[in-house]
Every structure is written in structure tokens, then in C-alpha cells.
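In: Below is the structure, and that's it, no one-letter string:
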């Protein structure tokens, strides 16, 4: 077995060991660890915005996406001195605070970043996120379903941003004011989910068990609990085409774009052209709506 290739880079004054930079992580796309780290650095101003000060779970693929993988919640030991952690329910989570931590995790072949829906030390959600989860591996109706939910939110007076999960689904994010509770979000989520499933019974389901969903798209409003995670905006995904979880314009949803259109090899150009679509939507009056629900 050949010896590992090792070097160091310095970022923001922190020295980070990089190993095997030419290892293929996404073989079909020709993306090596070196290319991946370059892309992570380009994504960092956007990705870090939705990971900083949260409990981080990563999915690591030491031999690339075709090899074995594992979820990492507990921080590895030993840790570089610059990596902060936070304990929640007896798990010592990594806090992804800056570019040095991001590149350190990238070198460990952390290919996916799944932050908590709340900040460290808080029991209140950071945003309302509706997760539309297809039962089919290829779901041609996912953008149709997204548009329907978006229209319902608009009818309630709420602006929202759809984003590809980077896998098969779509999440719809509604920015919220501090003070909305997880209980409140589950309540309004159930209200919207019940409405769309009653209006479109062949498209949506609230059935939690995948084996009982048939070919319907699961409207998941139950992710809103302390410690739960969802794929961060702008996280890469360990999928064959190196897709990235990407916020969309509603016009793009209407055009039935494919989630596979947004990937590590073109996301940088999109962000330079369009910026962070999530950042452009101010907090919405969700709490007032929750207060009106029976």
C-alpha cells in the first residue's frame, strides 16, 4: 500500500494537515479531495452562514462516495485546538465556526453537513423548514409539489425560499423571528400539510412509514425538534453528480428544474451571479399565524 501523501496549509493563522489530495471523492465527476477543498472554500461564505453556532452532524466517506460512509455526531479525538465543541444530550458536537474547521472536516472526507435547526444553547428554531420527501428515487412531480406548497404559503402571507436537498427532495424555508417555538412550527406545518394532502391526495401524504406511502411525496413537518438536523443550504451531497443543496427562485421551480442541475462544478458561478437567495427574504409573520390556529 503506497504511503499517504501529506502536507499542510495555513488558513486564518491555523495550520491544517491535508492528506492524499489526489484521492477521488466523486469518481464520476473527476472530483479529487484537492478540488473538493477548493470548492468548499468557495462555498464557505454561504455554507458557514447556516452552520455556524449550531450542532453539526457530518457524513464522512473516507474512500469517496463509492466506499463506506458513517455519520459523525461526536467530535473525533484528538481535536485541533481551533475546533470548538458543544455538548447536547451527552453528544459532543463540532461547532463549524469558520473556514479552518470547514477545510479540516473536508480533509476528513466529510462530504455532507447537517446542522441542527436551532443554535447551541437554545431550544428555539432558527427557521421553519418544510421537507418534501419523494417516495420514488426519480420523482418528476417534485417541482409541481413544491410550487403547490409555495402557493399555499403565499396565500397565508408568507414569503419562502425553495431549495433542493441535493438528493431527491426539496425543502421550503420560511425565515422566522426569534421566539417561535418548535411546537408552533409543528402545529402550522400540520395545518399546511393536511391542507395540501386533502387538496392533492394523489400527490402528497402525511404517512410517516415509507412502506405505506406508495408513490406519494411525504410532507414532513415533524423534523422540528431539538437536536434534529436537515441538510444545510449549500452542503454538497454524496451523490453521483456531486449535487449541492441549492436555494432556487420560484421561477425556476415553475420551469421544473432538476436538482441535478446544481453541483460542485457550477455552484460557484451561480452564487457569484445570484448571491444567497435565502438571505434576501426577511423574517416572516409566522407567529401571528400560529396564534390564529385552533
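Out: Structure's in. What do you need? Note that the structure is predicted; figures quoted are calculated from it, not measured. Numbering: from 1, shown residues only.
In: Give me the buried positions along stretch 30-45.
Out: For stretch 30-45, a neighbour-count test (16 or more other Cβ atoms under 10 Å) marks 31, 32, 33, 35, 36, 37, 38, 39, 40, 42, 43, 44 as buried. C-betas here are computed from N, CA, C, even on glycine.
In: so of the residues you listed, which ones are in helices?
Out: Using DSSP state H, 33, 35, 36, 37, 38, 39, 40, 42, 43, 44 are the members of the buried residues of stretch 30-45 that sit in helices.
In: what residues are up against the second one?
Out: Residues near residue 35 by Cβ atoms under 8 Å, 6 or more residues apart in numbering: residue 264.
In: what's the pLDDT at it?
Out: Looking at residue 35, its pLDDT reads 97.
In: do the same with the fifth one
Out: Per-residue confidence at residue 38 stands at 97 (pLDDT).
In: For residue 132, see how far away it is.
Out: 32 Å (Cβ to Cβ, to the nearest Å).
In: So what's the gap between the lengthiest helix in the chain and the chain middle?
Out: Secondary structure of the chain per DSSP H: the longest helix is helix 182-199. Distance of helix 182-199 from the chain centroid (Cα atoms, centre = their mean, to the nearest Å) equals 21 Å.
In: Grab the nearest non-local neighbour of residue 105.
Out: residue 58 (6.0 Å; Cβ to Cβ, 6 or more residues apart in numbering).
In: That neighbour: neighbour count?
Out: If you count neighbours by other Cβ atoms under 10 Å, residue 58 ends up with 22.
In: and it, that's in a strand?
Out: Yes: counting by DSSP: H, G, I helix; E, B strand; the rest coil, residue 58 is part of a strand.
In: Please enumerate the helices of the stretch 51-200 of the chain.
Out: 99-107, 142-155, 182-199 (DSSP state H, counting those that start in this stretch).
In: Let me know which of the ones you listed is the nearest to residue 91.
Out: With Cβ to Cβ as the measure, helix 99-107 is the member of the helices of the stretch 51-200 of the chain nearest residue 91 (16.5 Å).
In: if we look at the very next helix or strand once past the longest helix of the chain, which residues are touching it?
Out: Next in sequence after helix 182-199, counting helices and strands by DSSP states H and E, comes strand 204-205. With contact meaning Cβ under 8 Å, 6+ apart, strand 204-205 is reached by 145, 193, 196, 197, 213, 214, 216, 217, 218, 219.
In: How about the secondary structure of the last one?
Out: Of the three states, residue 219 takes strand under three-state DSSP.
In: okay, now it: neighbour count?
Out: Residue 219: 26 neighbours (other Cβ under 10 Å).
In: And for residue 19?
Out: Neighbour count of residue 19, defined by other Cβ under 10 Å: 13.
In: my guess is it meets residue 107, correct?
Out: Yes: the pair residue 19 / residue 107 is scored as a contact, 6.4 Å apart, by Cβ atoms under 8 Å.
In: Tabulate the buried residues of stretch 30-45 (a markdown table), appending distance to residue 280.
Out: Listed next are these as a markdown table, based on distance: Cβ to Cβ, whole Å:
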| residue | distance to residue 280 |
| --- | --- |
| 31 | 29 |
| 32 | 34 |
| 33 | 33 |
| 35 | 29 |
| 36 | 28 |
| 37 | 28 |
| 38 | 26 |
| 39 | 23 |
| 40 | 23 |
| 42 | 20 |
| 43 | 18 |
| 44 | 19 |
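In: Show me the two of these that sit farthest apart.
Out: Longest distance between any two of these is 18.5 Å, between 32 and 44; criterion Cβ to Cβ.
In: Distance of residue 149 relative to residue 190?
Out: 13 Å.
In: Let's see the PyMOL selection covering just the buried ones among the contacts of strand 204-205.
Out: Command for PyMOL that selects the buried part of the contacts of strand 204-205, burial taken from 16+ other Cβ under 10 Å:
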select buried, resi 145+193+196+197+213+216+217+218+219
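In: Include pLDDT and distance to residue 23 when you put the contacts of strand 204-205 into CSV, please.
Out: Below are these laid out as CSV (pLDDT from 0 to 100; distance: Cβ to Cβ, whole Å):
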residue, pLDDT, distance to residue 23
145, 98, 38
193, 98, 42
196, 98, 44
197, 98, 45
213, 94, 38
214, 94, 41
216, 97, 40
217, 97, 36
218, 97, 36
219, 97, 39
